[in-house]
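J.: Compute the structure for the input listed below.
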Amino acid sequence: MKIIQKIFILDDEETITQSLRAILNHENTKADSAFQFEITTSSDSCTALQTLKDKNDFDLLLIDLKMPQIDGLTFLRYLQKSEFKGAIIAMSASGISDLALEAIRLGAVDFITKPFSPEELLFILKKNRRHLNFKDTNPQVQQQPKSNFSEIISQDPKILEIFEVITKISNFNTTVLITGESGTGKELIAKAIHQNSSRKDHKFIAINCGAIPETLLESELFGYKKGSFTDAKSDKKGLFEEANNGTIFLDEIGDLPFLLQVKLLRVLQERVITPIGSSEQIPIDVRIITATLKDLEEEVQKGNFREDLLYRLNVINIKVPALRERRGDINLLLDYFLEKQAIKFKIARPTLEATARQALINYNWQGNIRELENCLEQAMILKTGNIITVKDLSNKILTQQNSQYIPLTQQIIVENSKNLSIKQHTTDIEKALILKALEQTKGNRTQAAKLLEISHRALLYKIKEYGLS
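T.: Residues are numbered from 1 along each chain as shown. This next block holds a predicted model:
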């Protein structure tokens with residue numbers, strides 16, 4: 001059953017309204033589209049204002065900011081005084097200007113620069129779906145709570161599966177362990193769990209366990225009483241108490257000192273905390289979500305992490321894929337960050353040259369989404385004019401793009417042209433792949449085994465056999 005979305009388009013240029021109608025009607029014809037758009041258009045701002053007053057059931061208003069009679073900003077001021085509850089997206093031919101920023105201040109949730117492509121329009125609609133009051137033709141669907149994944153930009157099946165898991169677990173007070181490489185968006189997943197739960201109106205507090213010295217981390221988490229140590233001049237609430245009835249997100253839980261692991265285990269078991277310098281136990285009702293890039297099972301084997309705590313934390317496990325495992329999302333993320341950074345720097349959104357875009361899509365993002373965002377910000381600052389070209393990209397991306405790699409098997413054969421032994425070349429290939437996997441995972445053998453698609457035990461055997469340890 002498709003979701004009905006009612007859209008009102010207001011622009012004094014009929015060519016624009018006709019173009020928008022055509023884009024959305026084309027989307028209506030797609031069998032795999034989840035939405036059915038009902039479209040109303042107007043080129044007269046006075047008539048449109050009356051229509052919106054009389055018929056207040058539109059989910060979305062697309063409005064041009066420069067119009068005769070009533071201009072876009074004045075129109076938005078009128079809407080602020082009305083009962084219009086739909087989302088508003090402003091359109092402007094002048095890019096990210098003071099005009100567009102003023103529209104945001106007056107209630108618009110986003111803006112789009114004219115001229116724009118059908119893909120850009122649909123991306124804007126998708127990006128702002130959290131603001132839209134979707135109405136489904138099935139009454140049973142209307143009664144279901146709406147899921148909010150607005151901060152996560154993805155169309156990848158692996159991420160969509162994570163969305164399904166989040167929807168199922170959000171209202172259960174169970175612990176969740178989120179694993180994945182640095183920069184993959186583990187905190188965004190934790191926020192999505194919180195925002196889709198009954199705790200969403202209470203605090204979401206995040207803390208990086210590896211970024212705070214052990215001597216300070218305990219007081220940050222559990223608080224302290226006045227006089228409990230030299231600088232304790234007054235009582236201080238800990239983050240667990242601050243997050244009561246909400247969610248606490250413990251990032252890099254693998255770096256939690258061993259003594260504090262014992263105290264966290266007690267919190268999970270008894271749902272109480274004891275501030276430093278106090279004998280009083282304070283009951284808490286907090287959802288605990290943790291994340292790590294470490295292999296905690298391996299840390300348990302090394303004696304660095306408590307096995308009983310791991311079992312408590314790992315009731316639900318969510319593995320966030322690396323960006324290179326979801327390359328189809330890179331294009332979406334590029335457009336998202338271009339707009340985000342244009343707003344940040346208060347400049348017109350630049351055009352990303354096709355060759356530069358392809359270089360970014362092809363790049364092996366070891367730092368994942370965080371690296372991509374930083375790279376695009378650098379290019380935004382260094383660009384000449386309003387176009388980001390290949391030359392504006394970082395040297396790492398240019399090096400990868402310009403390198404002509406000989407395939408691994410060919411390289412070995414070329415270097416060992418006098419030796420045509422298949423057995424020997426197979427061994428060389430295995431060695432090279434193992435070394436590459438260990439390099440990519442920074443020596444994490446469990447993760448390397450997954451990349452190589454062999455068991456952890458098999459990898460250990462081959463490392464010993466080939467003398468790679």
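
J.: Show me the shaky parts of the stretch 151-300 of the chain.
T.: The stretch 151-300 of the chain contains no residues with pLDDT under 70.

J.: mind listing the helices for it?
T.: 157-169, 186-195, 214-222, 239-242, 258-270, 296-302 (DSSP state H, counting those that start in this stretch).

J.: Which other helices and strands does the helix or strand hosting residue 4 contact?
T.: For residue 4, the host element (DSSP states H and E) is strand 3-10. Here strand 3-10 touches helix 14-28, strand 35-42, helix 45-54, strand 60-64, strand 135-136, going by 3 or more CB pairs under 8 Å, 6 or more residues apart in numbering; DSSP states H and E. To be clear about C-beta, it is placed using only N, CA and C from the backbone, and glycine gets the same treatment.

J.: winner for burial among the helices of the stretch 151-300 of the chain?
T.: Stretch with highest mean neighbour count among the helices of the stretch 151-300 of the chain: helix 186-195 (a mean of 22; mean count of other CB atoms under 10 Å).

J.: Report the contact partners of residue 307.
T.: By CB atoms under 8 Å, 6 or more residues apart in numbering, the contact set of residue 307 is residue 300.

J.: Could you point out the helix or strand that follows the lengthiest helix in the chain?
T.: Longest helix in the chain, counting residues (DSSP state H): helix 422-440. Beyond helix 422-440 in the direction of the C-terminus, DSSP H and E gives the next helix or strand as helix 445-452.

J.: list the buried ones in the helix or strand just after that following helix?
T.: Counting by DSSP H and E, the next helix or strand C-terminal to helix 445-452 is helix 456-466. Residues of helix 456-466 classed as buried by neighbour count (16 or more other CB atoms under 10 Å): 456, 459, 462-463.

J.: Export those as TSV, with columns for pLDDT and distance to residue 81.
T.: Formatted as TSV, the buried residues of helix 456-466 follow (pLDDT from 0 to 100; distance: CB to CB, whole Å):
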residue	pLDDT	distance to residue 81
456	84	64
459	87	67
462	84	72
463	83	70
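
J.: helices or strands up against the longest helix of the chain?
T.: helix 408-415, helix 445-452, helix 456-466.

J.: out of these, nearest to residue 112?
T.: Residue 112 lies closest, by CB to CB, to one member of those: helix 445-452, at 39.8 Å.

J.: any idea which residue sits dead centre in the chain?
T.: The centre of the chain sits closest to residue 152, judged by CA atoms, centre = their mean, with a distance of 3.7 Å.

J.: what's the offset of the longest helix of the chain from the middle of its chain?
T.: Counting by CA atoms, centre = their mean, to the nearest Å, helix 422-440 is centred 34 Å from the centre of its parent chain.

J.: CA-only coordinates of that helix in CSV, if you can.
T.: Taking Å, rounded to 0.1, in the frame of the first residue of the first chain, the C-alpha atoms of helix 422-440 are listed here in CSV:
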residue,chain,number,x,y,z
ILE,A,422,51.1,-22.3,-9.9
LYS,A,423,51.6,-23.6,-6.4
GLN,A,424,54.2,-21.0,-5.6
HIS,A,425,52.2,-18.2,-7.1
THR,A,426,49.1,-19.3,-5.1
THR,A,427,51.2,-19.0,-1.9
ASP,A,428,52.4,-15.6,-2.9
ILE,A,429,48.9,-14.4,-3.6
GLU,A,430,47.7,-15.7,-0.3
LYS,A,431,50.5,-13.9,1.5
ALA,A,432,49.8,-10.7,-0.2
LEU,A,433,46.1,-10.8,0.5
ILE,A,434,46.7,-11.6,4.2
LEU,A,435,49.1,-8.7,4.6
LYS,A,436,46.7,-6.4,2.8
ALA,A,437,43.8,-7.5,5.1
LEU,A,438,45.9,-7.0,8.2
GLU,A,439,47.0,-3.6,7.0
GLN,A,440,43.3,-2.5,6.4
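
J.: If anything else comes up later, I'll come back, but that's it for now.
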